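Student: Predicted structure and sequence below. I'll ask about it afterward.
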Amino acid sequence: MRLKIAQTGGVSPAGAWRSLPEQDFDLTVGERNGFLVFTWVLKEGRTVPRGEWVFAGQYDHRRGGRDAGGDGCTVTATADGRQHTVGGGFAGGTADAGGTAGTGATSDAGGS
């Protein structure tokens with residue numbers, strides 16, 4: 001799971017969470033190509049059970065509104081021996097203070 005927050009000015013990490021067990025994932029957060037990027041990687045030998053799951057990255061930004069139109073996420077998973085990828089963006093809008101961006105991921109067949 002990768003969450004990208006466009007660097008629109010003063011964007012910096014302020015935390016992250018997910019609704020699945022923390023010990024099942026490695027989390028990295030860093031700047032890349034004009035984005036703050038949160039990446040969760042499922043650890044070797046772990047699986048994701050069927051269900052809906054939330055991954056969220058929290059961030060601060062400069063005072064005032066912030067356009068979230070350039071933010072996005074990508075989820076890549078393997079289920080039944082096949083790789084699946086979905087992604088998308090967030091509705092444009094503004095945030096007046098720090099923000100949280102996240103996505104829900106649905107696992108229909110459990111995967112890794």
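Tutor: Yes, it's here. Everything numeric in this text was worked out from a predicted model, so none of it was measured.

Student: what stretches of this structure score poorly on pLDDT?
Tutor: 91-112 (pLDDT under 70).

Student: any idea how far residue 75 is from residue 36?
Tutor: 18 Å (Cβ to Cβ, to the nearest Å). Yep, even glycine has a C-beta here, placed from its N, CA and C like the rest.

Student: no, scratch that, I was asking about residue 67
Tutor: Distance of residue 67 to residue 36, given as Cβ to Cβ: 14 Å.

Student: more crowded one of these two?
Tutor: The neighbour comparison of residue 67 against residue 36 (other Cβ atoms under 10 Å) goes to residue 36, with 24 against 12.

Student: Show me what the stretch of helix or strand the more buried one belongs to is packed against.
Tutor: Using DSSP states H and E, residue 36 maps to strand 35-42. Judged by 3 or more Cβ pairs under 8 Å, 6 or more residues apart in numbering; DSSP states H and E, the packing partners of strand 35-42 are strand 2-6, strand 12-18, strand 25-32, strand 51-60.

Student: Would you mark the buried spots in it?
Tutor: For strand 35-42, the neighbour count (16 or more other Cβ atoms under 10 Å) marks 35, 36, 37, 38, 39, 40, 42 as buried.

Student: Contacts made by that strand with the rest, please.
Tutor: With contacts defined as Cβ atoms under 8 Å, 6 or more residues apart in numbering, strand 35-42 is touched by 1-7, 11-13, 16, 18, 24-31, 48, 55, 57, 59, 112.
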